[in-house]
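Trainee: Sequence below, structure please.
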Amino acid sequence: MKKSMWLLAALPLCLISVGAFAQGLDPALLTKPATDSWPTYAGDYSQRRYSTLKQIDQSNVKNLTLAWTGSLPVGAGGGFSFFSSGTPTIVGGEATTPVTGGIFPTRVGGAILQVNGILYTSAPDNAWAVDARTGTVLWHYFWKSKGGTHIGNRGMAMVKDWLFFETPDDYLISLDAKTGKERWHKEIADFNQEYFSTMAPIAIRNHLIVGVGDDLDSPGFLQSFDPETGDLQWKYFTVPMKAGDPGLETWANLDAASHGGAQTWIPGSYDPETNLYIFPTGNPTPAYTSETRGPGDNLYTCSIIGLDVDSGKMKWYFQTSPHDTHDWDSTQAPVLVDGMFDGKPRKMVLQAVRNGYFFVVDRTTGEHLLTSKYSGAANWSASVDKRGEPVREPAKDSILAGSLVSPDNGGATNWQPPSFDPDTGFFYVPLREVYSMYYLTESNQRLVTGLGGKEEDVVGSLGSSIVAIDYKTGKIAWKYKFPGEGAIFGVPGFLTTAGKLLFSSDGSGNLVAYDPANGTPLWHSRIGSISNAAETYLLDGHQYVLVAVGTTLMAFTLPQ
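Mentor: Sure thing, here's the model as predicted:
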């Protein structure tokens with residue numbers, strides 16, 4: 001094809017992109033199940049990761065084919081894409097000489113927003129806009145980082161035509177969605193205290209909710225910023241910080257509490273009816289030794305918290321792993337579901353956490369409804385107390401002689417997003433059943449900080465699976481075990497659709513469509529190590545299924 005003809009053929013794509021950029025995000029989309037857009041981290045505020053789209057269904061999924069691939073440029077140098085002569089790169093950042101990710105490769109491991117035909121995605125220090133029809137990179141933003149742990153980035157938030165994402169060196173960045181140019185950046189945590197930030201911000205009306213992470217002995221917190229100006233609206237600490245704070249009695253003293261962790265690694269959910277932001281918290285610190293923390297529950301670590309969005313005040317909490325001693329943070333997605341429970345209509349939160357237990361809680365009050373064990377291998381607790389909280393067995397802590405424990409440090413599940421299908425009533429979560437020996441390596445626990453003081457040796461595995469949990473009973477409806485040992489970190493989460501499909505990876509490089517009723521594989525495509533949970537959207541009358549493999553985006557659709 002001659003160059004002039006190629007330009008004419010490409011012109012409509014450019015016009016579509018410009019037209020799409022002229023529109024902002026309709027905030028009403030955030031409260032609805034995902035259809036022709038994917039406007040927030042999990043598709044909507046509920047985190048069900050369920051789409052009402054059903055153009056692709058069990059009858060035709062066998063015909064699903066690759067529509068396009070798009071390679072994302074990384075770093076300050078920019079790059080090329082098939083449909084454009086060059087990708088503009090905008091460079092920002094506080095560092096004179098940027099620090100790269102080190103052992104962590106750059107990859108898209110979180111949400112990819114799709115709004116008005118444009119995809120917006122991010123990875124540590126990088127953000128991109130991509131044409132959702134072709135995979136063409138429209139702009140690239142690179143942040144010159146001072147450092148920090150580059151373990152991942154969960155994605156972006158959008159308000160009007162503004163984008164927001166966090167950086168490993170603890171800044172909140174706001175970009176113009178049309179151009180990728182920076183509007184402002186704000187420091188959200190003290191880099192010198194070794195915080196690093198991974199959470200996808202969540203936009204709720206005039207609030208932008210932002211979280212932080214830290215593996216040392218610093219307190220966790222949430223903050224709310226004004227999306228227009230970046231001004232701080234409120235700050236909520238997840239552990240007691242001063243005398244008289246609720247929960248202080250569950251710690252040895254104020255010093256232990258105020259260095260007690262409970263980080264806010266991943267996004268929470270939002271309930272418009274109660275105006276509550278419902279989010280999970282991380283493990284206490286020190287993570288594996290608890291003498292300095294005292295014998296109590298160490299609130300509000302490993303908890304689900306209902307927080308008023310406008311005031312930043314806690315309304316209720318439920319603790320899923322009291323006095324955790326294995327680094328089993330509870331920062332797994334809290335999924336909001338309306339349905340029948342015990343013969344009555346209930347507004348619920350469902351959560352499967354890293355310690356191997358599944359919980360159902362009333363989301364208006366925090367009342368406990370159900371606790372069940374979804375990992376048959378989990379052996380660290382022999383009972384559940386009257387509050388519905390698993391009771392830890394001290395003999396399963398790290399000890400000098402070693403203790404055999406499941407889950408291992410990686411957890412029965414981890415950051416991977418689950419999904420809830422209202423058609424089946426099942427909650428889907430990846431399961432990894434591994435046994436480790438935990439040894440105490442420092443007898444003087446007062447010398448231990450952060451993740452120190454123990455050695456862990458994996459000694460056996462029952463492999464990795466998908467489990468479907470019936471939320472009404474807590475029982476496993478079905479379990480699909482991956483061939484061989486499997487790899488939970490190769491199963492980056494789930495998507496269910498009204499087409500009676502469950503999309504995920506199999507841990508071996510395949511994108512797979514399963515039957516959500518029984519786990520039967522219906523279709524697969526071997527594309528490599530999938531790094532984020534699948535998403536779907538409708539564009540020009542065609543349904544797409546979108547995933548990332550590192551920094552390559554891949555979109556599938558039915559033949560047109």
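Trainee: What segments of the stretch 251-400 of the chain are strands?
Mentor: 269-271, 276-280, 303-308, 314-319, 335-341, 344-352, 357-362, 368-373, 381-384, 390-392 (DSSP state E, counting those that start in this stretch).
Trainee: Now the following helix or strand past the last one: buried residues?
Mentor: Toward the C-terminus, strand 390-392 is succeeded by strand 403-405 as the next helix or strand (DSSP states H and E). Residues 403, 405 are the ones in strand 403-405 that count as buried (16 or more other CB atoms under 10 Å). C-beta here means a position set from N, CA and C on the backbone, and glycine is covered the same way.
Trainee: Name every strand pairing with the next helix or strand after strand 403-405 and say which way it goes.
Mentor: Scanning forward in sequence from strand 403-405 by DSSP H and E, the next helix or strand is strand 419-421. Within its sheet, strand 419-421 is paired with strand 426-440 (antiparallel), according to DSSP bridges.
Trainee: ok, then the element right after the partner strand?
Mentor: strand 454-470.
Trainee: circling back: make a markdown table from the strands of the stretch 251-400 of the chain and add mean pLDDT to it.
Mentor: Converted to a markdown table, these look like this (pLDDT from 0 to 100):
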| stretch | mean pLDDT |
| --- | --- |
| strand 269-271 | 98 |
| strand 276-280 | 98 |
| strand 303-308 | 98 |
| strand 314-319 | 98 |
| strand 335-341 | 97 |
| strand 344-352 | 98 |
| strand 357-362 | 98 |
| strand 368-373 | 98 |
| strand 381-384 | 95 |
| strand 390-392 | 97 |
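Trainee: Out of those, the one nearest I56 is which?
Mentor: strand 335-341 (22.8 Å; CB to CB).
Trainee: Report all helices and strands that the closest one contacts.
Mentor: strand 269-271, strand 344-352 (3 or more CB pairs under 8 Å, 6 or more residues apart in numbering; DSSP states H and E).
Trainee: any chance of these in JSON lines, plus mean neighbour count?
Mentor: Formatted as JSON lines, the helices and strands packed on strand 335-341 follow (neighbours: other CB atoms under 10 Å):
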{"stretch": "strand 269-271", "mean neighbour count": "23"}
{"stretch": "strand 344-352", "mean neighbour count": "20"}
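Trainee: Among these, which comes closest to I304?
Mentor: Per CB to CB, nearest to I304 of the helices and strands packed on strand 335-341: strand 344-352, 6.1 Å.
Trainee: what angle separates the closest one from strand 426-440?
Mentor: For strand 344-352 against strand 426-440, the angle by axes from the mean of the first three to the mean of the last three CA atoms, to 10 degrees is 40 degrees.
Trainee: Which neighbouring elements make contact with strand 344-352?
Mentor: If you count contacts as 3+ CB pairs under 8 Å, 6+ apart, strand 344-352 packs onto strand 335-341, strand 357-362, strand 426-440.
Trainee: quick check: angle from the second one to strand 344-352?
Mentor: Read it as strand 357-362. Using the same axes, to 10 degrees: strand 357-362 against strand 344-352 is 150 degrees.
Trainee: contacts for strand 357-362?
Mentor: 304, 318, 320-321, 341, 346-353, 367-375, 378, 381, 388, 390, 427, 429, 469, 471, 474 (CB atoms under 8 Å, 6 or more residues apart in numbering).
Trainee: As TSV, the helices and strands packed on strand 335-341 with distance to R107 would be great.
Mentor: As requested, the helices and strands packed on strand 335-341 are exported to TSV (distance: least, CB to CB, whole Å):
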stretch	distance to R107
strand 269-271	25
strand 344-352	24
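Trainee: hang on, the earlier thing: between the helices and strands packed on strand 344-352, which one is closest to T121.
Mentor: Short answer: strand 426-440, nearest of those by CB to CB, at 21.7 Å.
Trainee: just how off-centre is the closest one within its chain?
Mentor: On the basis of CA atoms, centre = their mean, to the nearest Å, strand 426-440 sits 18 Å off its chain's mean C-alpha point.
Trainee: Output that strand as CSV, nothing but the C-alphas.
Mentor: What follows is strand 426-440, C-alpha atoms only, in CSV (Å, rounded to 0.1, in the frame of the first residue of the first chain):
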residue,chain,number,x,y,z
PHE,A,426,-20.6,-18.4,43.3
PHE,A,427,-17.6,-16.5,44.4
TYR,A,428,-14.4,-17.4,42.4
VAL,A,429,-10.9,-17.2,43.8
PRO,A,430,-7.5,-18.7,42.9
LEU,A,431,-6.3,-21.1,45.5
ARG,A,432,-2.7,-22.2,46.2
GLU,A,433,-2.1,-24.9,48.8
VAL,A,434,1.5,-25.0,49.9
TYR,A,435,3.2,-26.2,53.2
SER,A,436,6.2,-24.6,54.7
MET,A,437,8.4,-25.0,57.7
TYR,A,438,8.6,-21.7,59.7
TYR,A,439,11.8,-21.3,61.9
LEU,A,440,12.5,-18.6,64.4
